[in-house]
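J.: Just to be clear, the model below is a prediction. Sequence and coordinates:
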Amino acid sequence: MRLGGRMAAAIEVLADIETRKRPVADALKDWGLAHRFAGSGDRAAIGNIVYDALRMRLSHAWLMDDESETALVYAVLLRQWGFTRTSLAAELADDKFAPPAPDLTGLSERNLSDAPAHIQGDIPEWVVESFQSYFGDAWLAEAQAMAGRPTLDLRANTLKANRDKVVKALDRAGAQPTQIARQGIRIPAGDGASRLPNVTAELSFQKGWFEVQDEGSQIVADLVMPSEGQQVLDYCAGGGGKTLALSASLNNKGQVHAYDADRKRLAPIIERLRRAGTRNVQVHDDVQQMDALKEKLDVVLVDAPCTGTGTWRRRPDTKWRLTQKNIEERLGQQQDALSSAAAYVKPGGTLAYVTCSVLPEENDRQIERFLANNPSYEVQSALDDWKTLFGKDAPKPHSADGRSLTLTPASTQTDGFFFCKLKRQS
């Protein structure tokens, strides 16, 4: 397919997402199944256009003075992919599948700095107050960073290979060590139509040398800092990314319990554990199976359900579907998860609270509420642990209180994650 056909396909997919209110991944998959003539390069390019359009939907529409899918796609090519009006017109001149160009006057006459702040930041207007309350004057830069393309991050599985070995195996993919995470590996996001390599097809992946995991997720698992021989619980374990990281950090010693009430989310963990070579993980999908663990565990990680605002780079469609009701539902789930998980922490043990959200309602305020109801817990300084683990020269996360911390695309070049460590005194 030529560029015009790819643009037309992206317009079709964007219209499908808007009309049927469905996840972008589902819309792209269905388009590919219905158009089997499209090669992998075509599908990757179409996906890039769609995701880029959704990440910057508000600013694209404002500058184009047009909210249509066609306007968004043209804005992607002209604002993000490096085309000029002249070069794009030349590229599409004899392409019979190219969509008719919309009015491009606004793109040349409008200045984004004149737009309302939420449009400059490409976030829903009603979320601005939360961003401002947490990030202060830096909120706009934080929001804009969430509209960029994410990198492909991997974690070297030290049970089978060190990071240098994995980087060498993935050299042709452009793999490099990450800036912060001690076992992290990064492959650049690429520009325009470029596609990321399918690293899960690599022999080194099949051998269990690495896992696909955002650097931010690796960092918060690192900050849990379990010691060899300890008893650890990953509560709300999901697919097991942090479980695997914790198992490796314990060097297969001690015990990691992985629990999630959602069996569908938990299902992938079994194959991942086998490939990784873990021997110290027990998987639970029935909370009653863990009654004997109450008040017995050294470390409990609560990877709480959340709105996922920290992952807007990877799932930009969720940015525009988020509602206040979603937040309220998550707040209740987080309170339940924290309360339930705390029951497993022994006196002197550690409770670590993590979300992939950057909203203070889900983070600092939840900790404040928990502490008010659980006076036997006190917050430990995660920033001190940060310096110990990653060094004084590592990029610094955001912190509202000097103890808990929030990773963001702007501050740490990762997905957004909140981390707070609490110690049970008695």
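T.: Cool, got the structure. Residues are numbered from 1 along each chain as shown.
J.: what's around the closest residue in space to Thr158 that isn't next to it in sequence, how many residues?
T.: In space, and not counting its chain neighbours, Thr158 is closest to Ala248: 5.0 Å by C-beta to C-beta, 6 or more residues apart in numbering. Placement of C-beta: from N, CA and C, glycine included. For Ala248, the neighbour count with other C-beta atoms under 10 Å is 23.
J.: From Ala161, how far out is Ala248?
T.: Applying C-beta to C-beta, to the nearest Å, one obtains 11 Å for the distance of Ala248 from Ala161.
J.: try Gly308
T.: For Gly308, the distance to Ala161 - C-beta to C-beta - is 30 Å.
J.: Next: Ser108.
T.: 52 Å.
J.: More neighbours: those two, which one.
T.: Ala161 (18 against 9).
J.: Glu228 contacts Gln255, doesn't it?
T.: No. Between Glu228 and Gln255 there is no contact under C-beta atoms under 8 Å: 11.1 Å.
J.: Counting neighbours, go ahead and name the busier of the two.
T.: Neighbour count, other C-beta under 10 Å: between Glu228 and Gln255, Gln255 has more, with 17 against 11.
J.: quick one: contacts for that one?
T.: By C-beta atoms under 8 Å, 6 or more residues apart in numbering, Gln255 lies in contact with Gln230, Gln231, Val232, Asn280, Val281, Gln282.
J.: Neighbour-wise, which one of these leads?
T.: That'd be Val232 among those, by other C-beta under 10 Å, with 27 neighbours.
J.: Count residues in the vicinity of the closest residue to Ile187 other than its chain neighbours, would you?
T.: When the adjacent residues along the chain are set aside, Ile187 lies closest to Leu152, with 4.2 Å between them (C-beta to C-beta, 6+ apart). Using other C-beta under 10 Å, the number of residues around Leu152 comes to 18.
J.: What backbone torsions are found at Leu152?
T.: phi -100, psi 110 (degrees, to the nearest 10).
J.: Check the spacing between it and Val73 real quick.
T.: Distance from Leu152 to Val73, by C-beta to C-beta: 24 Å.
J.: For the residue nearest to Thr158, give me its contacts.
T.: Applying C-beta under 8 Å, 6+ apart, the residues near Ala248 are Asn157, Thr158, Leu159, Gln183, Ala276, Thr278.
J.: Report the rounded mean pLDDT for the helix or strand containing it.
T.: Assigned by DSSP states H and E, Ala248 belongs to helix 241-249. Taken as a whole, helix 241-249 has a mean pLDDT of 96.
J.: ok, and for stretch 390-408, which residues are buried?
T.: Using 16 or more other C-beta atoms under 10 Å as the test for burial, stretch 390-408 gives Phe390, Pro397, His398, Ser399, Ala400, Arg403, Ser404, Leu405, Thr406, Leu407, Thr408.
J.: shouldn't the last one be in contact with Ser399?
T.: No. Judged on C-beta under 8 Å, Thr408 makes no contact with Ser399 at a distance of 11.2 Å.
J.: Tell me where the stretch 301-426 of the chain has helices.
T.: Using DSSP state H, counting those that start in this stretch, the helices of the stretch 301-426 of the chain run over residues 316-321, 324-342, 364-373, 382-390, 409-412.
J.: can I get these in CSV with mean pLDDT and distance to Lys96?
T.: Output for these, formatted as CSV (pLDDT from 0 to 100; distance: least, C-beta to C-beta, whole Å):
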stretch, mean pLDDT, distance to Lys96
helix 316-321, 96, 30
helix 324-342, 97, 43
helix 364-373, 97, 55
helix 382-390, 95, 54
helix 409-412, 98, 39
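J.: Out of these, which is closest to Lys294?
T.: helix 324-342 (10.0 Å; C-beta to C-beta).
J.: Would you mind pulling the contact partners of that closest one?
T.: By C-beta under 8 Å, 6+ apart, helix 324-342 touches 126, 233, 235-236, 287, 300, 302, 304-307, 351, 353, 355, 357, 359, 361-362, 366, 369-370, 373-374, 377, 424.
J.: tell me the angle it makes with helix 364-373.
T.: 40 degrees (axes from the mean of the first three to the mean of the last three C-alpha atoms, to 10 degrees).
J.: For Glu109, give me its contacts.
T.: Glu109 touches nothing, counting by C-beta under 8 Å, 6+ apart.
J.: State the distance from it to Gly121.
T.: 22 Å.
J.: likewise Gln213?
T.: 27 Å.
J.: Which of these two has more residues huddled nearby?
T.: More crowded of Gln213 and Gly121, by other C-beta under 10 Å: Gly121, with 24 against 20.
J.: so who does that one touch?
T.: With C-beta under 8 Å, 6+ apart, Gly121 has these contacts: Val128, Phe131, Trp139, Leu140, Ala143, Gln144, Ala147.
J.: one more time with 10 Å
T.: 58-59, 115, 127-128, 131, 139-147 (C-beta atoms under 10 Å, 6 or more residues apart in numbering).
J.: Over to it: give its phi and psi.
T.: Torsion angles, degrees, to the nearest 10, at Gly121: phi -90, psi -10.
J.: now it, nearest residue through space, not along the chain?
T.: Ala143 (3.2 Å).
J.: would the one you found count as being in a helix?
T.: Yes. Counting by DSSP: H, G, I helix; E, B strand; the rest coil, Ala143 is located in a helix.
J.: helices and strands around the helix or strand harbouring Ile46, which ones?
T.: Element membership for Ile46 (DSSP H and E) is helix 40-55. With contacts taken as 3 or more C-beta pairs under 10 Å, 6 or more residues apart in numbering; DSSP states H and E, helix 40-55 sits against helix 3-20, helix 24-34, helix 57-64, helix 69-75, helix 316-321.
J.: most neighbours per residue, which of those helices?
T.: helix 69-75 (a mean of 23; mean count of other C-beta atoms under 10 Å).
J.: Which single strand of the chain contains the most residues?
T.: Using DSSP state E, we find that the single longest strand of the chain is strand 345-355.
J.: now the farthest one out in the chain, which residue is it?
T.: Asp94 (40.0 Å; C-alpha atoms, centre = their mean).
J.: Spit out the contact partners of that residue.
T.: Asp94 neighbours (C-beta under 10 Å, 6+ apart): Arg2, Gly4.
J.: Leu383 now?
T.: For Leu383, the contact set (C-beta under 10 Å, 6+ apart) comprises Leu223, Lys396, Pro397, Ser399, Asp401, Gly402, Arg403, Ser404, Leu405.
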